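In: Fold the stuff below for me.
(one chain, ligands or ions: 1)
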Amino acid sequence: MRTVLHVVGARPNFMKLAPIFRAVASRKELRQRVVHTGQHYDEKMSEVFFRDLGLPAPDLNLGVGSGTHAEQTAKALVELERVFIGERPDLVSVVGDVNSTLAAALAAAKLRIGVSHVEAGLRSFDRSMPEEINRLVVDRLADHLLTPSADADENLRREGVAPARIHRVGNVMIDALYGSLHVARSLRMPAKMGLTGRYAVCTLHRPANVDDPAILSRVLGALEEIARELPVVLAAHPRTRARMDSLGLVPHGLTVIEPLGYLEFLSLTSGAALILTDSGGLQEESTALGIPCLTLRENTERPITVDEGTNTLVGSEPRRIIETARHVLAGEGKRGRVPELWDGRAAERIAELYGRIA
Ligand code: UD1
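Out: Here you go, the predicted model:
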């Protein structure tokens, strides 16, 4: 029996692991192990996702924690090398673009263990984003590049990746969404939060938006303006909450809440009239849900959400954010469609592939 070892570390990894874990579990020829680096460690940033997504607790948690990029990546690299030498998996499977993804790909590649990168080929072409550096390096190192969409294939081909290594499997995050939507809706989070009419949901956590006090207060100002037209719920990442607290920023008219678990958050977003975000995953989820999304960034590594989906890039300039929000709320936003292979079956295709390559 061959072993697939999954490495995850941060919040956006967990919902991608869940469908893959389930699909691999149904293949008799494969056994699997899950290693959590511990990059995210708060209950609300980690454990709740395992519970909500029906994942067993990880086999190992390496307790890497927070730090600078070098500290976090280096700690994960050292710990993962030790684990890989001990376990000798046949394939290391990584998802996304966080520091844990980079550390796992690097440790495995040097031990000559096959690496599969799920969500390969995404490019923002903006190296000021740490995730862009991670994506570039992981895709250079990975043996198998599993992509969500044709634009990702094209990026990889342009970078000289042999077509035989590129496998378009579709969007595994959307598998998790379709699989959980019914249960999530039954939680009735909007009603529980007293949201009876239209409302907007916002998330904000990118260093580019929250680390500079001037930019953060401008963005919060834009949200306050939008909140004059409909309730706006801001789910604050620990980084954002810490910045707001240290700057004494108390936004008026916004409902600021702690990060929610996967199901509660999906319950909330799936009923929203408008989503404002700087998250990568939420751009995709809003496209799958058909809900207008304003992305508070100047670029995206997920252009298909703009070209085919409901996403519009608005940056962090308040006037542009407010005007686009008004336009969308007046019913003049774009409609969008769900991209090809965002069909809830990406994990099946991944498990079938792992049956052949592990
Ligand atoms: C990481 C990912 C980012 C992803 C985001 C989702 C990288 C480079 N970035 O960014 O791509 O979109 O996760 O959340 O890997 N903290 C807590 N509790 C936790 C985790 C973090 O309080 O459980 C706080 C700490 O103060 C920490 C800060 O958040 O220093 C940032 O955490 P970190 O893991 O460095 O990056 P994220 O901003 O979460």
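In: who touches the residue of the stretch 201-350 of the chain found nearest the ligand in this structure?
Out: Residue of the stretch 201-350 of the chain nearest the ligand, by Cβ to the nearest ligand atom: residue 238 (3.2 Å). Any C-beta I mention is one placed from the backbone N, CA and C, and that applies to glycine too. Residue 238 makes contact with 42, 45, 259, according to Cβ atoms under 8 Å, 6 or more residues apart in numbering.
In: Give the buried subset of those as a PyMOL selection command.
Out: This is the PyMOL syntax for the buried subset of the contacts of residue 238, where burial follows 16 or more other Cβ atoms under 10 Å:
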select buried, resi 45+259
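In: just the contacts of residue 238 now: which is nearest residue 160?
Out: Residue 160 lies nearest to residue 45 out of those, by Cβ to Cβ, at 36.5 Å.
In: Identify the spatial nearest neighbour of that closest one, chain neighbours not counted.
Out: Of all residues not flanking residue 45 in the chain, residue 11 sits nearest, at 5.2 Å (Cβ to Cβ, 6 or more residues apart in numbering).
In: burial measure for that neighbour, as a count.
Out: Look at residue 11: counted by other Cβ atoms under 10 Å, it has 23 neighbours.
In: any idea of the pLDDT on it?
Out: On pLDDT, residue 11 comes in at 97.
In: residues in contact with it?
Out: 40, 45, 46, 49, 259.
In: now do residue 202
Out: Counting by Cβ under 8 Å, 6+ apart, residue 202 has contacts 223, 232, 233, 234, 235, 254, 275, 276, 277.
In: Report the secondary structure state of it.
Out: When classified by DSSP: H, G, I helix; E, B strand; the rest coil, residue 202 comes out as strand.
In: quick one on the thing from earlier: so which of the contacts of residue 202 would you say is closest to residue 140?
Out: Distances from residue 140 to the contacts of residue 202, taken as Cβ to Cβ, are shortest for residue 277 (28.7 Å).
In: The closest one contacts residue 203, correct?
Out: Yes: using Cβ atoms under 8 Å, residue 277 is in contact with residue 203, at 4.7 Å.
In: Surely residue 115 is in a strand?
Out: Yes: residue state for residue 115 (three-state DSSP) corresponds to a strand.
In: and the nearest residue to it once chain neighbours are set aside, what pLDDT?
Out: Nearest residue to residue 115 in three dimensions, chain neighbours excluded: residue 142, at 4.5 Å (Cβ to Cβ, 6+ apart). With respect to pLDDT, residue 142 scores 98.
In: Quick check: residue 142 touching residue 113?
Out: No: at 11.3 Å, residue 142 does not count as touching residue 113 under the criterion of Cβ under 8 Å.
In: So if I had to pick from the two, which one is more boxed in?
Out: Legend: neighbour count by other Cβ under 10 Å for residue 142 and residue 113, higher for residue 142 (25 against 19).
In: What's the separation between the more buried one and residue 9?
Out: Distance of residue 142 to residue 9, given as Cβ to Cβ, to the nearest Å: 16 Å.
In: Could you do residue 170 as well?
Out: Separation of residue 170 from residue 9 (Cβ to Cβ): 23 Å.
In: can you check residue 159 too?
Out: Distance from residue 159 to residue 9, by Cβ to Cβ: 25 Å.
In: Equivalent analysis for residue 19, please.
Out: For residue 19, the distance to residue 9 (Cβ to Cβ) stands at 18 Å.
In: ok, these two, which is more surrounded?
Out: Taking neighbours as other Cβ under 10 Å, residue 19 and residue 9 compare with residue 9 leading, 31 against 26.
In: Quick check: closest non-adjacent residue to the more buried one.
Out: Leaving out its chain neighbours, the residue that sits closest to residue 9 by Cβ to Cβ, 6+ apart is residue 100, at 2.6 Å.
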